[in-house]
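Chemist: any chance you can model this:
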Amino acid sequence: MPLRRAARVAAFAFCLGAACPSNGPAQGFDATHLRQPANLDTGWLVHAGDDPAYAQPNFDDSRWTPYNASTDSLHQLFSNARPTIVWFRIHIKVAPDQTGSALLARPFISPAFEIYSNGTMLLRAGQMDPYVPYYNVAQFLVPVPNQQVGTGTLIVAIRVHAVGYNWQSPRPVLHANTLRFGPEAVLRNEKWLNAIGANASDRLDELVDFGMLLGALLLFSTQRKHMEYLWLSLWVLCQIPGVVLNDLTLFGHPIMPMHWILLDEFASFWPYLMARMYCAFVGHRVGWKLNLFLGIACLASCYYLSTAAFGALSIEGLVLAQAPVVALQLIILPLILIADICRGHRQTVVLLIPLLIYGLAQFIYTGAYALTLIPATSAWAFSVAQRLSGVTAGPIYIDFRDMADILSMVSLALIILLRSNRMSREQAVLESEVANAREVQQVILPEAVETIPGFRIESIYEPAREVGGDFFQIVPVDGGLLLVMGDVAGKGLPAAMLVSVLVGAIRTAVQYTHSPAEVLAQLNDRMIGRANGGFSTALAALFFSDGDVTIACAGHLPPYLDGAEISLPGALPLGIRGDATYETVRLRLEPGNRLTFYSDGVIEAQDKRGELFGFERGRAISTEAASEIAKAAQQFGQTDDITVVVIERERQQSAELDKERLVARPFAAPAAVTNLQ
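Modeler: All right, here's what the predicted structure looks like:
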């Protein structure tokens with residue numbers, strides 16, 4: 001979009017020039033019967049050189065060259081001589097009662113010019129000596145002093161700093177509708193209508209871009225992996241400084257110092273950002289060769305914007321600066337999109353069509369200006385270039401490049417809509433799969449633990465997501481119970497699917513053995529080759545009705561016995577090695593003793609400052625109820641699945657059970673935990 005505006009800055013070079021000089025003396029312009037504004041399109045005189053006297057009403061301009069504002073170009077009038085300053089004069093006959101008159105100057109005269117009436121300067125835009133250009137996209141309304149109108153004659157003189165494109169243009173510098181004369185009130189309304197109509201497509205383009213910017217930023221904030229939304233946001237953002245500058249000039253401060261155009265240099269990055277955005281949409285990797293070409297395109301764009309703004313852009317420079325951009329839009333990016341279509345992504349056609357339309361129009365536009373360098377085709381080529389710029393529909397000027405930009409944004413919005421629709425369907429399928437997995441997990445993970453005589457059991461399971469990777473099973477065996485619990489690496493659906501495999505393996509294993517070490521060995525065999533490089537920690541504990549407990553561990557957190565951590569031998573988690581073996585540890589629960597088992601979701605809970613819940617806090621609350629332990633970890637900051645199982649030997653029946661144990665098999669409980677070799 002800023003590139004388009006810079007093209008307009010350069011384009012006034014090509015909409016200001018002529019074929020051959022007129023003959024005959026100047027007749028001036030008769031405005032005595034003028035009631036509505038009119039173009040000062042006849043009666044002009046032109047002279048190369050500079051003298052302050054040229055602005056005075058009594059200056060003799062009879063030897064100046066008549067100037068036809070419809071056909072005469074500076075190159076044809078002055079051949080190879082290229083003076084820096086050129087003056088234009090016109091004699092306007094007015095009625096003395098035509099007070100309240102004004103002049104409306106169209107933009108694109110030159111980056112620096114002055115307008116005089118009867119020797120009084122009415123307007124200065126830029127500076128002649130030293131040369132300081134201004135940002136020229138606005139119209140100027142300048143009142144004509146009533147005392148001058150009262151004389152019956154106005155001598156309007158325009159002093160122009162002629163720049164490179166003024167000498168190359170095949171059209172007049174001061175063209176037929178550059179200056180209008182009429183009632184100030186009417187011209188003021190006309191100025192605003194012209195500003196609105198001439199920039200209507202610009203405003204529509206800005207609204208579309210702004211909406212796309214908000215949408216892209218919102219999408220990227222929720223889908224950080226989709227870099228195309230970030231590139232799209234940056235593509236639009238880089239054009240905002242130029243938009244602000246243009247709008248400020250049109251509707252705020254019409255005479256803007258040219259160095260402010262540096263704000264528009266952010267738009268120089270648009271070829272790179274646009275290419276990265278399209279490549280991200282189709283998943284094309286940007287290599288060093290494409291990056292190098294994009295860098296060249298950005299430098300060419302920077303040269304184009306700066307030289308066009310300062311009036312130093314030649315037609316040759318325009319063609320060379322536009323060549324990389326045309327190649328990018330018409331060849332490189334279309335080939336990337338076509339390759340994506342060939343891979344079966346038919347929706348990419350929505351992106352390809354507007355890109356080809358814009359690229360083809362830009363190619364013809366640039367080619368037409370290249371043909372203006374050939375004298376035989378200059379006028380025809382310039383006419384083609386102008387037609388490709390836009391069309392007027394009543395008071396509204398429709399810029400074709402604005403329309404192409406809007407079409408591109410609409411195509412992007414359509415692609416995003418189609419993608420969102422596809423993602424919604426995929427999300428619905430995924431949610432259905434997750435719901436099924438959750439139902440399976442609810443079946444395989446016990447919600448209510450079966451009552452086992454002699455033991456009080458508490459358990460709680462809080463997944464970090466809809467489904468989790470923690471698991472535990474409590475199986476009654478021969479008057480006691482077997483607890484197997486663990487934590488599969490990872491979260492979400494993949495971990496939940498592996499949990500279902502392990503729970504099934506536990507159910508199978510306990511049919512053949514109750515030994516914790518043998519159960520873990522069988523689980524390890526089941527994990528090998530099925531975890532896709534993953535693993536799972538696990539712990540198995542066999543509780544006898546008389547209080548004996550045998551524990552084997554595969555990399556899981558050790559339990560707490562009445563607030564004291566049990567020391568367990570180290571071992572590899574399940575799924576790491578097929579020949580892993582697991583040692584067992586025996587201990588004894590006295591009546592009222594309790595063992596508390598955690599998954600690492602308790603210890604690894606993390607607050608907003610990044611501090612972990614930790615082993616000290618975990619040990620300190622290990623004597624609490626299972627629900628309270630889980631609640632404390634959640635409030636601290638849950639980041640992983642939380643599982644807590646508490647098994648306490650009841651005081652009731654314990655004496656009778658001890659008597660039975662002593663009669664059946666004398667056993668002296670060790671004072672400390674011992675390893676079974």
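Chemist: show me where pLDDT drops low in the stretch 451-600 of the chain?
Modeler: Scanning the stretch 451-600 of the chain for pLDDT under 70 picks out 466-467, 491-493, 530-533.
Chemist: could you redo the last one with a cut-off of 90?
Modeler: Along the stretch 451-600 of the chain, the model assigns pLDDT under 90 to residues 451-456, 461-480, 488-508, 510-512, 525-535, 545-547, 569-572, 574-581, 592, 600.
Chemist: show me the helices in it, by range?
Modeler: 492-509, 516-527, 600-603 (DSSP state H, counting those that start in this stretch).
Chemist: how far out from the middle of the chain is the second one?
Modeler: I take that to be helix 516-527. The chain centroid and the centroid of helix 516-527 are separated by 50 Å under Cα atoms, centre = their mean, to the nearest Å.
Chemist: give me the contact list for that helix.
Modeler: Outside of helix 516-527, the residues within contact range by Cβ atoms under 8 Å, 6 or more residues apart in numbering are 482, 484, 486, 501-502, 505-506, 508-510, 513, 535-536, 538, 540-542, 550-552, 554, 574-575, 577-578, 580-584. In short, each C-beta sits where N, CA and C put it, glycine included.
Chemist: what about the closest residue to Pro133 other than its chain neighbours, how many neighbours?
Modeler: Once flanking residues are discounted, Pro133 sits nearest to Pro111: 3.2 Å by Cβ to Cβ, 6 or more residues apart in numbering. Neighbours of Pro111 under the rule other Cβ atoms under 10 Å: 26.
Chemist: quick one: Asp61 is in a strand?
Modeler: No: Asp61 is assigned coil when assessed by DSSP: H, G, I helix; E, B strand; the rest coil, not a strand.
Chemist: in stretch 507-519, what counts as buried?
Modeler: Along stretch 507-519, these residues count as buried under the neighbour rule (16 or more other Cβ atoms under 10 Å): 509-510, 514-519.
Chemist: ok, of those, which one's closest to Gln606?
Modeler: Distance ranking of the buried residues of stretch 507-519 against Gln606, using Cβ to Cβ, places Pro516 first at 31.2 Å.
Chemist: neighbours of Gly126, just the number please.
Modeler: By the criterion of other Cβ under 10 Å, Gly126 has 21 neighbours.
Chemist: ok, now how distant is it from Tyr135?
Modeler: Using Cβ to Cβ, to the nearest Å, we find Gly126 at a distance of 9 Å from Tyr135.
Chemist: on the three-state scheme, the nearest residue to Thr392 once chain neighbours are set aside is what?
Modeler: Closest residue to Thr392 apart from its sequence neighbours, by Cβ to Cβ, 6+ apart: Ile398 at 7.5 Å. With three-state DSSP as the basis, Ile398 sits in strand.
Chemist: burial measure for Ile398, as a count.
Modeler: Neighbourhood size, Ile398 [other Cβ under 10 Å]: 15.
Chemist: strands - which of the contacts of helix 516-527 land there?
Modeler: Among the contacts of helix 516-527, DSSP state E puts 482, 484, 486, 536, 538, 540-542, 550-552, 554, 584 in strands.
Chemist: with distance to Ile629 and neighbour count added, can I get those in JSON lines?
Modeler: Below are these laid out as JSON lines (distance: Cβ to Cβ, whole Å; neighbours: other Cβ atoms under 10 Å):
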{"residue": "Leu482", "distance to Ile629": "22", "neighbour count": "23"}
{"residue": "Val484", "distance to Ile629": "20", "neighbour count": "26"}
{"residue": "Gly486", "distance to Ile629": "18", "neighbour count": "27"}
{"residue": "Ser536", "distance to Ile629": "22", "neighbour count": "28"}
{"residue": "Ala538", "distance to Ile629": "20", "neighbour count": "30"}
{"residue": "Ala540", "distance to Ile629": "21", "neighbour count": "30"}
{"residue": "Ala541", "distance to Ile629": "18", "neighbour count": "25"}
{"residue": "Leu542", "distance to Ile629": "23", "neighbour count": "24"}
{"residue": "Thr550", "distance to Ile629": "24", "neighbour count": "19"}
{"residue": "Ile551", "distance to Ile629": "19", "neighbour count": "27"}
{"residue": "Ala552", "distance to Ile629": "23", "neighbour count": "27"}
{"residue": "Ala554", "distance to Ile629": "23", "neighbour count": "28"}
{"residue": "Thr584", "distance to Ile629": "26", "neighbour count": "21"}
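Chemist: make a markdown table out of those residues and add distance to Gly618.
Modeler: Output for these, formatted as a markdown table (distance: Cβ to Cβ, whole Å):
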| residue | distance to Gly618 |
| --- | --- |
| Leu482 | 24 |
| Val484 | 21 |
| Gly486 | 17 |
| Ser536 | 20 |
| Ala538 | 19 |
| Ala540 | 21 |
| Ala541 | 18 |
| Leu542 | 24 |
| Thr550 | 24 |
| Ile551 | 18 |
| Ala552 | 21 |
| Ala554 | 20 |
| Thr584 | 24 |
